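K.L.:
show me how the following folds:
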Amino acid sequence: MSLQDIYAHTQEMMNKSIESMKKEFGTLRSGKVSISIVEPICVDYYGSPTPLNQVGSVIVQDANTISITPWEKSLLKEIERAIQEANVGVNPNNDGECIKLFFPPMTSEQRKETAKEAKSIGEKAKVAIRNIRKDSNDKIKRLEKDKFISEDESKKAYDEIQKFTDNAVKKIDELVKHKEEELLKI
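P.N.:
As a prediction, the model looks like this:
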């Protein structure tokens with residue numbers, strides 16, 4: 001393994017951690033609802049668990065309402081049960097045609113709690129970044145120990161890995177700050 005391989009792997013893993021954090025942010029409820037709230041829900045479709053968006057159309061009607069229209073009317077009860085079991089914070093309203101989820105506007109207390117959650121997700125991502133840095137530094141140490149690189153080269157490599165780490169942490173901080181502002185804005 002060369003230093004270039006280590007650099008490429010480090011950057012790839014750090015980018016994946018940031019993407020994972022962004023995905024997790026999508027599950028947080030902000031001022032307006034998002035279909036990401038119901039994305040993890042699976043419905044029993046003829047014996048196999050199937051994602052909600054594969055058994056019907058899932059749309060955001062307005063800032064507080066998600067509408068789910070199944071492609072087969074016989075699935076209404078299954079979808080309703082799956083939503084109740086998923087415990088998304090509201091009860092499904094079945095009108096015989098589609099299921100609507102009415103989310104009440106968030107209170108300022110809920111917004112603060114969700115902002116705290118966003119901060120916690122950001123901290124987890126930073127821990128992941130630091131673990132990636134440690135793994136990369138261990139690989140560099142091994143290369144130096146096995147005489148594949150000199151002491152000077154390893155010092156430069158540690159500095160390079162630290163630059164990647166600093167950039168990733170800075171990006172995480174920016175994303176968390178942006179998410180908190182979005183959550184606390186009324």
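
K.L.:
quick one, phi psi at the residue of the chain most remote from its centre?
P.N.:
Among the C-alpha atoms of the chain, the one most distant from their mean position (CA atoms, centre = their mean) is that of residue 147, at 40.6 Å. With angles defined as degrees, to the nearest 10, residue 147 sits at phi 70, psi 30.

K.L.:
so where's the protein uncertain?
P.N.:
Flagging of the chain using pLDDT under 70 yields the residue ranges 186.

K.L.:
tell me where it has helices.
P.N.:
3-26, 76-86, 108-145, 151-184 (DSSP state H).

K.L.:
of those helices, which is nearest residue 43?
P.N.:
For those, the distance to residue 43 is smallest for helix 76-86, at 4.7 Å, taking CB to CB. C-beta: built from backbone N, CA, C; applies to glycine.

K.L.:
elements contacting the closest one?
P.N.:
For helix 76-86, the packing partners by 3 or more CB pairs under 8 Å, 6 or more residues apart in numbering; DSSP states H and E come out as strand 42-45, strand 65-70, strand 93-94, strand 99-102.

K.L.:
what residues go with each domain of the protein?
P.N.:
3-27+107-184, 35-102 (automatic domain parsing).

K.L.:
hang on, the earlier thing: how near is the residue farthest from the centre of the chain to residue 159?
P.N.:
21 Å (CB to CB, to the nearest Å).

K.L.:
likewise for residue 169?
P.N.:
According to CB to CB, residue 169 stands 16 Å off from residue 159.

K.L.:
which one's more surrounded, those two?
P.N.:
residue 169 (18 against 9; other CB atoms under 10 Å).

K.L.:
surely that one touches residue 127?
P.N.:
No. Taking CB atoms under 8 Å as the definition, residue 169 is not a contact partner of residue 127, at 10.6 Å.

K.L.:
on that earlier part again, which ones are touching the residue farthest from the centre of the chain?
P.N.:
Contact analysis of residue 147 by CB atoms under 8 Å, 6 or more residues apart in numbering lists nothing.

K.L.:
count of residues packed around the residue nearest to residue 1 when sequence neighbours are not counted?
P.N.:
Nearest residue to residue 1, sequence neighbours excluded (CB to CB, 6 or more residues apart in numbering): residue 139, at 6.5 Å. The tally of other residues near residue 139 (other CB under 10 Å) stands at 18.
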